[in-house]
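Q: here's my sequence, what's the structure:
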Amino acid sequence: MSLQGGLLIHDTLLFNQEEFQLHLRMIRSCWRGWRLVLFLDRAPSHRAYESIGLAHELGIALRWLPVACPKLNPMDHLWRHIKGDVLANISYPSLDEGVEEVYRYLHDLGRSGWMRKAGLFSETFWLREYGPGSSRMAGGEEPLNE
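A: Numbers count the residues shown, from 1 in each chain. Next up is the predicted model:
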């Protein structure tokens with residue numbers, strides 16, 4: 001398992017399948033030549049046939065996290081820290097100013113900081129089971145717990 005990934009922020013007013021498909025294209029353009037596997041929740045935009053087809057076309061493997069298991073989703077861990085460290089008990093004059101504060105927070109944390117806050121360095125991080133040499137990754141095309 002590579003812990004050399006990056007953070008791609010896709011700022012949008014709404015999140016639908018078209019925006020998710022744009023996000024997939026952005027991911028592929030940022031990580032050309034990489035073998036990419038995205039672990040996703042089951043949001044309708046992620047599960048749309050067009051989104052799944054585009055991911056396949058772009059060479060991005062999709063894996064589905066079990067329903068109602070936020071503890072397995074590193075983004076949920078990171079978001080919990082953002083809410084607690086940046087957004088809690090502060091009233092920003094505008095949504096844009098709150099978003100700017102989140103961007104500043106992530107920038108100041110740096111790569112190892114946001115990866116740590118997301119739980120990726122934890123000894124109990126579940127994805128370690130799927131690291132190099134793991135029999136669970138052999139073949140690797142089956143979604144998690146459909």
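Q: count residues in the vicinity of Met26, would you?
A: 13 (other CB atoms under 10 Å). For glycine as for every other residue, the C-beta is placed from the backbone atoms N, C-alpha and C.
Q: ranges for the helices of this protein?
A: The residue ranges that make up the helices of the chain, judged by DSSP state H, are 17-30, 44-47, 49-58, 74-82, 95-117.
Q: with respect to Phe125, which of those lies nearest?
A: Closest approach to Phe125 among these (CB to CB): helix 74-82, 8.0 Å.
Q: shaky segments in the chain?
A: Low-confidence segments of the chain, defined by pLDDT under 70: 1-5, 129-146.
Q: mind listing what the residue nearest the centre of it touches?
A: Geometric centre of the chain, nearest residue: Met75, 5.4 Å, by CA atoms, centre = their mean. Taking CB atoms under 8 Å, 6 or more residues apart in numbering as the criterion, Met75 is in contact with Ala118.
Q: swap in Tyr103?
A: Contacts of Tyr103 by CB under 8 Å, 6+ apart are Ile9.
Q: any idea how far Val86 is from it?
A: 10 Å (CB to CB, to the nearest Å).
Q: among the helices of the chain, which is nearest Trp126?
A: Nearest of these (CB to CB): helix 74-82, 9.7 Å.
Q: what residues sit buried inside the closest one?
A: Neighbour-count burial for helix 74-82, counted by 16 or more other CB atoms under 10 Å, picks out 74, 77-79, 81-82.
Q: next: stretch 9-25.
A: Quick answer for stretch 9-25 (16+ other CB under 10 Å): 17, 20-21, 23-24.
Q: for Phe15, which non-adjacent residue is spatially closest?
A: Ser45 (6.2 Å; CB to CB, 6 or more residues apart in numbering).
Q: run through the residues that contact that neighbour.
A: Here Ser45 is in contact with 15-17, 19-20, 51 (criterion: CB under 8 Å, 6+ apart).
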